[in-house]
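Trainee: quick check, what structure comes out for this input:
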Amino acid sequence: MLAQASARLTVPRTALCTHTPLVHRSQTRQSQQRNPHNHIMSSAAEAPQSGNGQLAAPSDPVVQYVVLRKDLWTDLKWPLGAVVAQACHASTAALWSSRDDEVTNIYCAAENIDHMHKVVLEVKGETQLQNLSTKLSEAGVHHKLWLEQPENYPTCLATKPYRKSEVAAHFKKFNLCKSALVAA
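Mentor: Presented below is the predicted three-dimensional model:
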């Protein structure tokens, strides 16, 4: 049965991207080693290189913030897969709804696809997630509050990609999501 389910979920690599073939990370590194002038861009401007030929970390990276409700796995005992799905839904929806945005295009560019930065945070529960959504809306921060259907149950929030300096202040009081999910 697992093999059948796995076969149904398999997507050919060519179906995922029509304009650029997917390249395994090791192939990217190998081509960079062979051609040191093949730089990966971290922004519209060329990314600086460190002395060892590797890309230096950008001083103001493009990040996407994802905020999950901690009570989903602590109090409500949601399984890991269901919690991860909520983050994936919110992140994908935020990316899609901002697909014409310049910073989103930088974040999703073929040369950056293996270098995405996400900051995954947690809030106590629904009230805190709703409050954060309201504050972000008031501040003009584009985000998606994911509502699990058909219940209309808020589970997660994700921003569109932003330069970290633009939005980090809105998330300073929240903890990184690093709780261990324990199997029942």
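Trainee: sec struct for the residue nearest to Ala82 when sequence neighbours are not counted, please.
Mentor: Nearest residue to Ala82 in three dimensions, chain neighbours excluded: Leu72, at 7.7 Å (Cβ to Cβ, 6 or more residues apart in numbering). C-betas here are computed from N, CA, C, even on glycine. Under DSSP: H, G, I helix; E, B strand; the rest coil, Leu72 falls in the helix class.
Trainee: thought Leu72 was touching Thr155?
Mentor: Yes - using Cβ atoms under 8 Å, Leu72 makes contact with Thr155 at a distance of 6.3 Å.
Trainee: okay, and the beta partners of Trp146?
Mentor: Bridge pairing for Trp146 (DSSP bridges) gives the partners Cys156.
Trainee: I'd like the average pLDDT over the longest helix along the chain.
Mentor: Longest helix in the chain by number of residues (criterion: DSSP state H): helix 80-97. Helix 80-97 shows a mean pLDDT of 97.
Trainee: ok, residues contacting it?
Mentor: With contact meaning Cβ atoms under 8 Å, 6 or more residues apart in numbering, helix 80-97 is reached by 64, 66, 68, 72-73, 104, 107-108, 118, 120, 142-146, 148, 155-161, 181.
Trainee: quick check on those: which are buried?
Mentor: Burial by neighbour count, 16 or more other Cβ atoms under 10 Å: within the contacts of helix 80-97 this picks out 64, 66, 68, 72-73, 104, 107-108, 120, 142-146, 148, 155-161.
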